[in-house]
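here is my input; please provide its structure:
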Amino acid sequence: MSETKPQRGQVPPGLHFIATPIGAARDITLRALDILASADVLAAEDTRTLRHLMEIHGVALGGRPLIAYHDHNGETARPKLLAALAEGKSVAYASEAGTPLVADPGFQLGRAAIEAGHTVLAAPGPSAVLAALTVSGLPSDRFLFAGFAPATAAARLRFLQDLAPMSATVILYESPKRLQKLLGDLVASFGAERKAVVCRELTKRFEETTRGTLAELQAAFAERDVKGEIVVLLDRAPDLVASVVDLDAALRRALVDNRVKDAATMVAESFGLPKRDVYQRALRLSEE
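Below you'll find the predicted structure:
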């Protein structure tokens, strides 16, 4: 017996956020395909990517509008989508890959729709954050997705200092070109022995998960030409009782690429020690 394909109009009015595959096209959910087949209006971060995904799964666009919505055109595209919602239509929005709003556009659209009194729903599915956490082997009962670390050195230093003491698994996204720099900064701010995981190209053909201490990962990726989507996970901060040897070793590592004050601040945050005491010790080490 043949299946009955979903008919347009079966999707209730409102804004529907759709999670799309981060690699393997078959990771799309049946519900997401139903919404893509039936919604009155489609919107996408990248319309070419969504068209291709729909073609793979035999979902016809028909005469429905397909509107590009991304970080650079929100001010002009958002009113069109809100107008469709005001007319009682169903609007489906898909980011280029993964779950909308998780390091992808959609937040402003969702907030505007809520403020206008429209229904906002999610069709959950693929997410690089959860996929990486699942395969990492790190604690999953408490985690923090922190997005991308800032590009500038000073901002990145402050960013990582705030994350180092977290009693939760910390998850970061990173560009392959900056992975080696990030791992070096993590060694300095989190400590060389903090357990970590680098996930690359999740669900894709060359998927790779590398586990170890930060020092081991830094060495493993030092000479590699890294490509693909990267997720970095850090183990939760341990309850540390720093020995003098551990403290001095961490300070010497941090002093290689940082000023005395910045090195002392990083290490003090990592070890949960008073900044003034660590700064005095860093001064002595810098003069040796």
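
so where's this protein shaky on pLDDT?
The chain contains residues with pLDDT under 70 at 1-9, 239-243.

helices of the stretch 151-288 of the chain, start to end?
153-163, 179-190, 214-221, 244-257, 260-271, 275-286 (DSSP state H, counting those that start in this stretch).

quick check: which of those helices is nearest to Ala83?
When the helices of the stretch 151-288 of the chain are compared by C-beta to C-beta, helix 153-163 sits nearest Ala83, at 38.2 Å. C-beta coordinates here come from the backbone N, C-alpha and C atoms, glycine included.

ok, and what's touching the closest one?
144, 146, 149-150, 170, 185-186, 189-190, 234, 258, 262, 265-266, 269 (C-beta atoms under 8 Å, 6 or more residues apart in numbering).

of the residues you listed, keep whichever come out buried.
146, 149, 170, 185-186, 189-190, 234, 258, 262, 265-266, 269 (16 or more other C-beta atoms under 10 Å).

can you add distance to Val120 and give the helices of the stretch 151-288 of the chain back as CSV?
Shown next, in CSV, are those (distance: least, C-beta to C-beta, whole Å):
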stretch, distance to Val120
helix 153-163, 30
helix 179-190, 34
helix 214-221, 39
helix 244-257, 45
helix 260-271, 38
helix 275-286, 44
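
so which of those helices gets nearest Glu87?
helix 153-163 (42.8 Å).

would you mark the buried spots in that closest one?
156-157, 159-161, 163.

ok, so of the contacts of helix 153-163, who is nearest Leu109?
Of these, the one sitting nearest to Leu109 (C-beta to C-beta) turns out to be Ala146, at 22.8 Å.

now that closest one: phi and psi?
phi -110, psi 0 (degrees, to the nearest 10).

that one touches Glu174, doesn't it?
No - between Ala146 and Glu174 there is no contact under C-beta atoms under 8 Å: 10.8 Å.

just the strands in the protein please.
Along the chain, the segments classed as strands by DSSP state E run 14-18, 41-44, 66-68, 90-94, 120-123, 143-148, 169-174, 195-200, 208-213, 230-234.

rewinding a little: with distance to Glu115 added, can I get the buried ones among the contacts of helix 153-163 in TSV?
Shown next, in TSV, are the buried ones among the contacts of helix 153-163 (distance: C-beta to C-beta, whole Å):
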residue	distance to Glu115
Ala146	27
Ala149	31
Val170	32
Asp185	38
Leu186	39
Ser189	38
Phe190	39
Leu234	36
Asn258	44
Asp262	42
Thr265	40
Met266	41
Glu269	38
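
His57 versus the closest residue to Ala149 other than its chain neighbours, what's the distance?
If the residues on either side of it in the chain are set aside, Ala149 comes closest to Arg156, at 5.1 Å by C-beta to C-beta, 6 or more residues apart in numbering. For Arg156, the distance to His57 equals 40 Å [C-beta to C-beta, to the nearest Å].

also Phe143?
Relative to His57, and taking C-beta to C-beta, Phe143 is found at 31 Å.

so between the two, which is more surrounded?
Set Phe143 next to His57 and count neighbours by other C-beta atoms under 10 Å: Phe143 wins out with 21 against 14.

so what's that one closest to, chain neighbours aside?
In this structure, Phe143 finds its nearest non-sequential neighbour in Thr169, 4.2 Å apart by C-beta to C-beta, 6+ apart.

what's the answer for Lys195, then?
Asp235 (3.9 Å).

and that neighbour, its phi and psi?
Here Asp235 shows phi and psi, under degrees, to the nearest 10, equal to phi -60, psi 160.
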